[in-house]
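Trainee: Whatever this is, show me its structure:
(2 chains)
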Amino acid sequence: MKKTMLQKPKGFIDEYKHKAGAEKDRTHYCPGCGHGILHKLIAEALEDFGLVDETILISPVGCSVFAYYYFDTGNFQAAHGRAPAVATAASRANPDKIVISYQGDGDLAAIGGNNILQAANRGENIVVFFINNAIYGMTGGQMAPTTLEGQVTTTTPYGRNTDTDGFPIKMSEVLSQLTAPTYIERVSLHDAPHIRKTRNAVRKAIKNAKERKGFQFVEVLSTCPSGWKMDPVKSMKWVKEKMLPLYPLGVYRDLGDDAKITTRPVPVMDPVAVWEKLGISAEADVDFPRGDVAEEYRKLSIRVAGFGGQGIMVTGQALASVALEYGYNVSWLPSYGPEMRGGTANCSVNIQDGQIGAAEAVKPSMLLAMNRPSLEKFEEAVEPGGTLIYNSTLIDIEPTRADIKVFAIPITGIADELGNTRVQSMVNIGAYAAITDMFRVEDVIALLPKLFKGKKQAILDLNAKAVKAGFAYVKDNFK
Amino acid sequence: MARMLMKGNYAAVYGAAMAGCTAYYGYPITPASEIAESAASLFPKLGRTFLQAESEVAAINMVYGAAGSGQRVMTGSSGPGISLKLEGISYCAGAALPCVIVDIMRGGPGLGNIGPEQSDYNQVVKGGGHGNYSSIVLAPNSCQEMCDYTMKAFELADKYRTPVFVLTDGVIGQMMESVTIPEPVKELPDKSDYAVYGTPLHKNLVNSIYIDHDDLEEWNLTLHKKYQVIKKEEVMYEEYMMEDAEIAVIGYGSVSRVLRTAVDAARAKGIKMGLFRPVTLFPFPEKEIAAMPGKGVKHILTVELSTGQMVDDVNLALAGSIKSDLYFRLGGNVPSADEILGKISELYGEVK
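Mentor: You can find the predicted model right below:
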């Protein structure tokens, strides 16, 4: 027993090679600091459980920023307060490893307050060792969230005033309000019996982590002789007399054998199965044969506009989707930002061979206006020689332009006759097909299951009727 | 069928999936949320990790953790979220960790609005976070490129062990186009020399502290050299009708699409105008721009959705050889091709 106590645990690196400067056989911690004791308890536990080679340690910002100097594990050094976030990702990447987030009170309870709260709440399979010494050590003794009321620090030179500086945060109590953590205990390093209790807590947390029992949290009350401006002996007394009454020691959560075992899968990278799993077929895309499309419809910039709820976006997306199947280049851009104002929804669709330039149909070669405000707003912008299709069921004014082709179609009326106003979009597609000769009705109907994924056959049938009705109306009424 | 109609935001995630990205960490923000949503939908199907982080800051630090664990990892956001991520990106650069960040720019400053802008250029291209670092920045202008360049971003990130941005604006993120999904990568690079796996053979250290001044100077010089190699090797750009151009319009992202339309309209009027589109913003195609005056370009107009951020790089490249001009729109407004032509004739008269 005595021999073991005097040995450096195998959880530590033999020579601290990462440490700057010459003294590679000792730590950077001040005399009387608790970090060294806690480090040793952790290193010892890792050795005893045979976990040194399966552990990933996250060093925080604060005095333990250099924890990676010492531990013979995989090591990360993290940004201030973010160790639980880094630990989360390390654990998700390597779900079968022990991931330790080692943090001080400024790091964990101040700047990283939300990170620890959320990692705990997700029940990450990580062990958090939280050194609470009521002060910022590394930066030279400023107030920590755990600083006691009245305690003098460099930023509370008149003592911590709870009126202006708030109250000391009790992290074990806070985290024990969450559902996910399975083990939370507060221990102390102020004398040998308590160090022994700390040792037990450290070992329990690491053992739980090995068993994938989720979030483990050990708060360790510790000394900071330099920050407190006391000698080590007085510091230990101060922990006992001042800190213990405020931060009661004990177990705040221990689900023991009732703790849920959380096993997360190892992320896989299986290139062969990617397409298959995403439903992408390796077969080449075969275009529908194109019809005889008139010159004026071979490069279309289309504005579709109407009320929200009139299927404006669906019409635009359907135009683009179907044209894509004939091998055209297509783009669809929803009304976006300021265009949304005024109760009209609109989108721009480009259909052409060759590269598409501007996505927005600022000067559309075709306008599909589903309501009066849309006609009033966009008619002026239509390119001379362009095409206007308007919903004559709802629009009770005549278009003013004489230099464009006009198709007045009772789109809403046709849809209503079919028994469902919502099929207006497919009436539009039918009408478009008849005007441009770009789509064949049977092709559009064949695509309906793809356009309306997951919809029942009855809905698909109704939409097929709508395509036919839109097509027929144009063929019957216009030359 | 590998051809699909999809939003640019979705296309980026398909590109990531094909690149072997096994982890996505993100936070919702308009107009980039579909990136997180599509990752949430696709990644579990592939046995990969998706996690909605508690904040942008947490997300980028999870990216740091995943990258340090040897994963190909991505996050996506927009202006205000990118501002929050910059600290973590600096850590990734400082620890030489490869990762991909997609930024779908919106209007700023502050909460701004969700319309398209290009006002993140400085914070993304000029480093943004603290310290001497640069991120490689790819600027796609179509949904296909969102997919392809996100995929390429992973290659570059691993090649140089550095953060790579895919920078575009709300127009490209929100629009839908035909995207042909590329073949997935067959294998991933070996990262065992630096990644932390928690195994006896890989007791690596992911770290950005160099407490000794000389050590940190040396590390900065190493990074600096890497950026010089990137500047030499990785410049990408696209030219349209530049062969005989007397007027060059310069723009990236969605603006370059409007400029292409403007060039077509100008050419129809007999104006010798061409488009120069930087595809990489860092490295910036400075040599190509510097060479323009020598190739007969008399006027250069940079068009941006910002008060002029990229134009500084254009002018640095030109080094005063000729005076260049700037035209911009802001707040979510996008210039039309006619507007560009109007500006061209206002500035340069009836140039033929």
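Trainee: Going by C-alpha atoms from here, please, whenever you check contacts or count neighbours.
Mentor: Noted.
Trainee: wait, isn't A:D353 in contact with A:L324?
Mentor: No: using Cα atoms under 8 Å, A:D353 is not in contact with A:L324, being 10.4 Å away.
Trainee: neighbour count winner among these two?
Mentor: A:L324 (22 against 13; other Cα atoms under 10 Å in any protein chain shown).
Trainee: Flag every residue of the stretch 51-200 of chain A that's near chain B.
Mentor: Contact residues (Cα under 8 Å from any Cα of the partner chain) of the stretch 51-200 of chain A with chain B: A:53-56, A:68, A:72-79, A:82, A:85-90, A:92-94, A:97-98, A:114-115, A:118.
Trainee: mind listing which of those are in strands?
Mentor: A:55-56, A:74-77, A:98 (DSSP state E).
Trainee: ok, and the most crowded of these?
Mentor: A:I56 (33 neighbours).
Trainee: residues contacting it?
Mentor: A:I56 sits next to A:73-76, A:90, A:97-100, B:196-198 when contact means Cα atoms under 8 Å, 6 or more residues apart in numbering or on different chains.
Trainee: What subset of the residues of the stretch 51-200 of chain A next to chain B is buried?
Mentor: The neighbour-count criterion (16 or more other Cα atoms under 10 Å in any protein chain shown) marks A:53-56, A:68, A:72-79, A:82, A:85-90, A:92-94, A:97-98, A:114-115, A:118 among those as buried.
Trainee: the helices in the stretch 1-150 of chain A, which residues?
Mentor: Ranges of helices in the stretch 1-150 of chain A, per DSSP state H, counting those that start in this stretch, are A:2-6, A:35-48, A:83-93, A:105, A:113-122.
Trainee: taking the ones you listed together, which one is wrapped up most tightly?
Mentor: Sort the helices of the stretch 1-150 of chain A by mean neighbour count, taking mean count of other Cα atoms under 10 Å in any protein chain shown, and helix A:83-93 sits at the top with a mean of 31.
Trainee: roughly how far is the helix ranked longest in chain A from the heart of the chain?
Mentor: In chain A, assigned by DSSP state H, the helix with the most residues is helix A:457-477. Using Cα atoms, centre = their mean, to the nearest Å, the mean C-alpha position of helix A:457-477 is found 43 Å from that of the whole chain.
Trainee: swap in stretch B:89-109?
Mentor: That offset, for stretch B:89-109, works out to 10 Å (Cα atoms, centre = their mean).
Trainee: What ranges in the chain fall below the confidence cut-off?
Mentor: The chain I'm using is chain A. Residue ranges of chain A with pLDDT under 70: A:1-5, A:336-343.
Trainee: My question was about chain B, not that one.
Mentor: Along chain B, the model assigns pLDDT under 70 to residues B:1, B:350-352.
Trainee: Report the residue ranges of every domain in it.
Mentor: Domains of chain B are assigned by automatic domain parsing as B:3-233, B:237-348.
Trainee: Which of those domains has the highest mean neighbour count?
Mentor: domain B:3-233 (a mean of 23).
Trainee: Relative to the centre of chain B, find the outermost residue for me.
Mentor: Relative to the centre of chain B, and counting by Cα atoms, centre = their mean, the farthest-placed residue is B:P200 at 37.7 Å.
Trainee: The closest residue in space to that one that isn't next to it in sequence: what's it in contact with?
Mentor: Among residues not flanking B:P200 along the chain, A:D53 sits closest, at 4.7 Å (Cα to Cα, 6 or more residues apart in numbering or on different chains). Shown in contact with A:D53 (Cα under 8 Å, 6+ apart): A:72-74, B:198-200.
Trainee: picking that back up, for A:D165, state which of the ones in strands among the residues of the stretch 51-200 of chain A next to chain B is nearest.
Mentor: Of all these, A:Q77 has the smallest distance to A:D165: 29.8 Å, by Cα to Cα.
Trainee: Run a quick neighbour tally on the nearest residue to the closest one once chain neighbours are set aside.
Mentor: Spatial nearest neighbour of A:Q77, chain neighbours left out: A:S59 (4.7 Å); criterion: Cα to Cα, 6+ apart. A total of 29 residues lie near A:S59 under the criterion other Cα under 10 Å.
Trainee: Can you pull the domain assignment for chain A?
Mentor: If you go by automatic domain parsing, chain A breaks into A:7-258, A:295-477.
Trainee: Format the helices of the stretch 1-150 of chain A as CSV; extra columns: distance to B:A93.
Mentor: Below are these laid out as CSV (distance: least, Cα to Cα, whole Å):
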stretch, distance to B:A93
helix A:2-6, 41
helix A:35-48, 29
helix A:83-93, 15
helix A:105, 27
helix A:113-122, 22
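Trainee: Would you quantify the distance from the closest residue to A:T156 other than its chain neighbours to chain B?
Mentor: Counting by Cα to Cα, 6+ apart, A:M143 is the residue found nearest to A:T156 once chain neighbours are left out, at 6.4 Å. Distance of A:M143 to chain B, given as Cα to the nearest Cα, to the nearest Å: 24 Å.
Trainee: The stretch 151-300 of chain A: strands as residue ranges?
Mentor: For the stretch 151-300 of chain A, applying DSSP state E, counting those that start in this stretch gives strands covering A:183-188, A:216-221, A:250-254, A:299-307.
Trainee: most tightly surrounded among these?
Mentor: By mean count of other Cα under 10 Å, the strands of the stretch 151-300 of chain A have strand A:216-221 as the most buried, with a mean of 27.
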